[in-house]
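In: Make a model of this:
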Amino acid sequence: EQLEDAGGGRQIAVALDFADLPFASQSLDLVVLPNVLEFAEEPHQVLREVERVLIPGGQLIILEFSQLAIPALRPLYDAYSFKVLPWLGQLVAGDAASYRYLAESIRKHPDQETLLGMMKEAGLEDCSYQNLSGGVVAVHRGNVY
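Out: Numbers count the residues shown, from 1 in each chain. Okay, here's the model as predicted:
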């Protein structure tokens, strides 16, 4: 756990183990998970843990790669993800494997509706999501009351 000054008497907490957060129950008013769930061994546990530490009125925001919302474009997106990105990764960083792994891990991540259901199962309310870039990325939000 690391606390950073956010100004105005507020602090930002940075935690590394989201499945076992080092914060008291009902102690945080906002949790932001940018690309955390795709690496979590137990994403359901992460969501339950976030719900535990949020105060009533608190909010969870999740930013994750997601599933393309336009089915007709999926073959093109797959070709880009599995052919072009690894080639660019090799060209720029000398590492095609990491970019291939990224494409594979994105495909294993729950789609927008599945993640929405997982958030509700964890006890979050007023859950919603917004697709960005046609669903390549999605922002999910949920609240605790």
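
In: Please give me every residue in contact with residue 29.
Out: By CB atoms under 8 Å, 6 or more residues apart in numbering, the contact set of residue 29 is 54-55, 57-59. C-beta here means a position set from N, CA and C on the backbone, and glycine is covered the same way.

In: which of the residues you listed are buried?
Out: The neighbour-count criterion (16 or more other CB atoms under 10 Å) marks 54, 58-59 among those as buried.

In: what would these look like in JSON lines with pLDDT and secondary structure?
Out: Output for the buried ones among the contacts of residue 29, formatted as JSON lines (pLDDT from 0 to 100; DSSP: H, G, I helix; E, B strand; the rest coil):
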{"residue": "54", "pLDDT": "96", "secondary structure": "strand"}
{"residue": "58", "pLDDT": "96", "secondary structure": "strand"}
{"residue": "59", "pLDDT": "97", "secondary structure": "strand"}
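
In: Among those, find me the one that's closest to residue 47.
Out: Ranked by distance to residue 47 (CB to CB), these are led by residue 54 at 10.8 Å.

In: That closest one is in contact with residue 145, isn't it?
Out: No: look at residue 54 against residue 145 with CB atoms under 8 Å: they stay out of range, at 9.8 Å.

In: now the strands for the chain?
Out: Applying DSSP state E to the chain gives strands spanning 2-7, 10-14, 28-34, 54-65, 125-132, 137-143.

In: lowest-confidence stretch among those strands?
Out: Mean pLDDT values for those show the minimum at strand 2-7, a mean of 64.

In: so of the strands of the chain, which one's packed in deepest?
Out: Mean neighbours per residue, mean count of other CB atoms under 10 Å, is largest over the strands of the chain for strand 137-143, with a mean of 19.

In: Strand partners (parallel or antiparallel) of that one?
Out: strand 54-65 (antiparallel), strand 125-132 (antiparallel) (DSSP bridges).

In: For residue 80, which of the ones you listed is the nearest?
Out: Comparison of the strands paired with strand 137-143 against residue 80 by CB to CB identifies strand 54-65 as nearest, at 13.3 Å.
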